[in-house]
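Visitor: Following is a predicted model, sequence given first.
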Amino acid sequence: MTKRDRFRIAGLCGIIEPLVVSLFVLLAVFISPWFSWTDNALSDLGVQGSAAVVFNTGLVLGGVLTGVFATGLGKALNSSLGRVGKFIVILDAAALSAIGIFPETAGELHLYVSVAFFVLLSLYLLIFGVGFIFTHERKWGLITVILGLFSAFVWIFGWEGVAIPETLAYLAASAWSVTMGFRLFKQS
């Protein structure tokens, strides 16, 4: 496999990861008539029954795809900030898989990996955003910083359940992932 092929695969994983995770989560919601976007956390879907299998499988697959995507991010931003950002994306990929491996029934461990996922998600967006600003891709860098700030500040509103801020933060990262995935795919 050539280096070009590896970057294309990484880019493709960045494109399809949000689609795969979203599909599995929405399927779990569909088969869980009790689920409420305003009263529940998305992780409530991962506790029991067929919805749990679907939900947790989607998160584990998403973590694997994000990990592969991260391997190409060094090409997107070839700097020390890019290397730090890439490492944080790898940690975030592990946290995403860990949410599926350690559902709410795992107790506090689930809480820790869930919080880590959302904190790392905002952090890598901010790091890449600043990195792109310094490499003269100011517009893309500013958009990335805005996505990072949005994914962090969405939590400050008084939500009864956390499914909505979880979804909004994830959608911000998904938009970035798909765009970066296309950039990697085209650059290779």
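Guide: Thanks, I have it.
Visitor: same for the helix or strand containing Leu19, what does it pack against?
Guide: According to DSSP states H and E, Leu19 maps onto helix 3-30. Contacts defined by 3 or more C-beta pairs under 8 Å, 6 or more residues apart in numbering; DSSP states H and E place helix 3-30 against helix 49-70, helix 163-187. C-betas here are computed from N, CA, C, even on glycine.
Visitor: Make a markdown table from those helices and add distance to Val119 and mean neighbour count to it.
Guide: Formatted as a markdown table, the helices and strands packed on helix 3-30 follow (distance: least, C-beta to C-beta, whole Å; neighbours: other C-beta atoms under 10 Å):
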| stretch | distance to Val119 | mean neighbour count |
| --- | --- | --- |
| helix 49-70 | 15 | 21 |
| helix 163-187 | 10 | 19 |
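Visitor: picking up where we left off before, can you mark which positions in the helix holding Leu19 are buried?
Guide: Buried residues in helix 3-30, counted by 16 or more other C-beta atoms under 10 Å: 6-18, 20-22, 24-25, 27-29.
Visitor: What's the mean pLDDT across it?
Guide: For helix 3-30, the per-residue pLDDT values average out at 95.
Visitor: Next one: Val92 from Val68, what distance?
Guide: No, residue 92 isn't Val; it's Asp. Separation of Asp92 from Val68 (C-beta to C-beta, to the nearest Å): 13 Å.
Visitor: What are the contacting residues of the lowest-mean-pLDDT helix or strand in the chain?
Guide: Among the helices and strands of the chain, helix 73-76 carries the lowest confidence by mean pLDDT, DSSP states H and E, at a mean of 78. Outside helix 73-76, the residues within contact range by C-beta atoms under 8 Å, 6 or more residues apart in numbering are 7, 10, 82-83, 85-86, 89, 128, 180, 183-184, 187-188.
Visitor: Repeat that for stretch 135-148.
Guide: Contacts of stretch 135-148 (C-beta under 8 Å, 6+ apart): 77, 79, 122-126, 128-134, 172-173, 175-176.
Visitor: so how far is that stretch off the chain centroid?
Guide: Chain-centre distance of stretch 135-148: 18 Å, with C-alpha atoms, centre = their mean, to the nearest Å.
Visitor: With stretch 135-151 instead?
Guide: Once both centres are worked out by C-alpha atoms, centre = their mean, stretch 135-151 turns out to sit 16 Å from its chain's centre.
Visitor: try stretch 75-91
Guide: 15 Å.
Visitor: buried sites along that stretch?
Guide: So, applying 16+ other C-beta under 10 Å, buried residues of stretch 75-91: 75-77, 81-82, 84-86, 88-91.
Visitor: any weak-confidence spans in the protein?
Guide: 188 (pLDDT under 70).
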